[in-house]
Structures are given as C-alpha cells and as structure tokens.
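# dropping a prediction and its sequence here:
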Amino acid sequence: MKSYCLYLFTQPNCPPCERLKAHVSSLTEAQQAVLHYVPLRAPNGNFTALAEELGVELTPTLVVTYEGLNCEIDTDGDEFCDYTEEPVERFIGANAIIDGLDDTIACYTYANPPE
C-alpha cells in the first residue's frame, strides 16, 4: 500500500491562507486529520526545511508527497534503507486548493468513507 502525505503550507497575515483554513474547518474530522499544516517560514524569516526541500515559495500551497523506502544492499550483504518523500502533486493558491481538495483527499487517503 502506498503512503501519501498532504502538506498545507501557510503563514500568518495571509488572507488566502485564512480563507483556506475556514474551508478546511468545514470538512469532516477524518478529512481534516489527513492535512498537515506546515509554516512556510521559520521564526527567523528563513524558509522552513520542508518548504525548501519541496520547493515551496508561496502560500497557501498544498503539496502531496509519496512516502517510501529506498533500500540498498552493501557488499557485505547488509541492507540499508532510507526514508524518501517525493512530491507527486502541487496546488498553489487558495482557489486551486479549495477546488481540488475533495478529489485530492479522495485520491490519496482513506479519509472518505465508501459510498
């Protein structure tokens, strides 16, 4: 089973971010639980490490990542695995995120009950 993470990058004093948060608050608890809020900038003003890693420069931005393991066997036969996180989809701006959020949650999570 593939594992995905849905990151919502926001920042204070961002009216589109507040509009997005209001929309998210109207979702079911299960849907809200799969969304991970991440600040774009650290208190020192620099981009957070995750924002830099995923190339996020604007807020609000939704990034869907695939989480997996990359394993290799060395010459002694020992296996070493590293955690990987690869972006698979990105939405920039409150309108784009709100328009695609229901489908994105349905496609990448189990938050929506079967009909």
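Structure's in. What do you need? Residues are numbered from 1 along each chain as shown.
# what's the separation between the residue in the chain sticking out farthest from the centre and residue 82?
No residue in the chain sits farther from the centre than residue 76, which is 37.3 Å out by CA atoms, centre = their mean. Counting by CB to CB, to the nearest Å, the separation of residue 76 from residue 82 is 18 Å. Glycine gets a C-beta too; all of them are placed from N, C-alpha and C.
# I'd like the next helix or strand past whichever strand or helix holds residue 65.
Secondary structure assigned from DSSP states H and E places residue 65 in strand 61-73. Sequence order places strand 79-92 as the next helix or strand after strand 61-73, per DSSP H and E.
# give the buried residues for that following strand.
85, 90, 91, 92 (16 or more other CB atoms under 10 Å).
# got it, and stretch 93-107?
94, 97, 98, 101, 104, 105.
# ok, those vs residue 51, which is closest?
Nearest to residue 51 out of the buried residues of stretch 93-107 is residue 97 (CB to CB; 15.8 Å).
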